[in-house]
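Chemist: From the sequence below, what's the structure:
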Amino acid sequence: QLQLVESGGGLVQPGESLRLSCSASGSTLPHFAVGWFRQAPGKEREWVGCISSSGSSTTYADSVKGRFALSRDNSKSTVYLQMNSLKSGDTAKYFCVKYQTVWYPDCTKYLDIWGQGTQVTVSS
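Modeler: I've put the predicted structure just below:
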């Protein structure tokens, strides 16, 4: 069974940047779209963005559009979430998810396998 492992979280100040990674065992991840969700304490999990299997298509939530960017290196079975201009409202546990398809522009559909998450805290 494919497993996803997130890394790169941490404590940063407002305005700073972080890059999260989502790595997978095995060789199947390059064949599927991957997304990122986040969940803050006391709140529901919300989608952040998703990227197609080839990396040519992406979708972002309005709350992160223009600040966050998705990319992937299929030779490493890794997907990245570059987060810039971080705000306190970005504080959450971030999860990556593999989809059942190569691409679908609605990031809330066709969810398949989840990682365990990595904590991002933005605080001065």
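Chemist: any idea how far the closest residue in space to residue 120 that isn't next to it in sequence is from residue 86?
Modeler: Closest residue to residue 120 apart from its sequence neighbours, by CB to CB, 6 or more residues apart in numbering: residue 9 at 4.8 Å. To be clear about C-beta, it is placed using only N, CA and C from the backbone, and glycine gets the same treatment. Distance from residue 9 to residue 86, counting by CB to CB, to the nearest Å: 11 Å.
Chemist: between these two, which one's more packed in?
Modeler: residue 86 (22 against 18; other CB atoms under 10 Å).
Chemist: List the residues that contact the more buried one.
Modeler: Neighbour list for residue 86: 12, 14-18, 67, 120, 122 [criterion: CB atoms under 8 Å, 6 or more residues apart in numbering].
Chemist: low-confidence ranges in this protein?
Modeler: 26-27 (pLDDT under 70).
Chemist: what sits against the residue nearest to residue 120?
Modeler: Residue 9 neighbours (CB under 8 Å, 6+ apart): 18, 20, 93-94, 118-120.
Chemist: go on, residue 102?
Modeler: 31-33, 52-54.
Chemist: roughly how far is stretch 20-35 from the heart of the chain?
Modeler: 11 Å (CA atoms, centre = their mean, to the nearest Å).
Chemist: for the chain, what spans make up the strands?
Modeler: Taking DSSP state E, the strands of the chain run over residues 4-7, 10-12, 18-24, 34-39, 46-51, 58-60, 68-73, 78-83, 92-99, 111-114, 118-122.
Chemist: nearest to residue 72, of the contacts of residue 9?
Modeler: residue 20 (12.2 Å; CB to CB).
Chemist: Would you confirm that that closest one contacts residue 119?
Modeler: No - using CB atoms under 8 Å, residue 20 is not in contact with residue 119, being 10.5 Å away.
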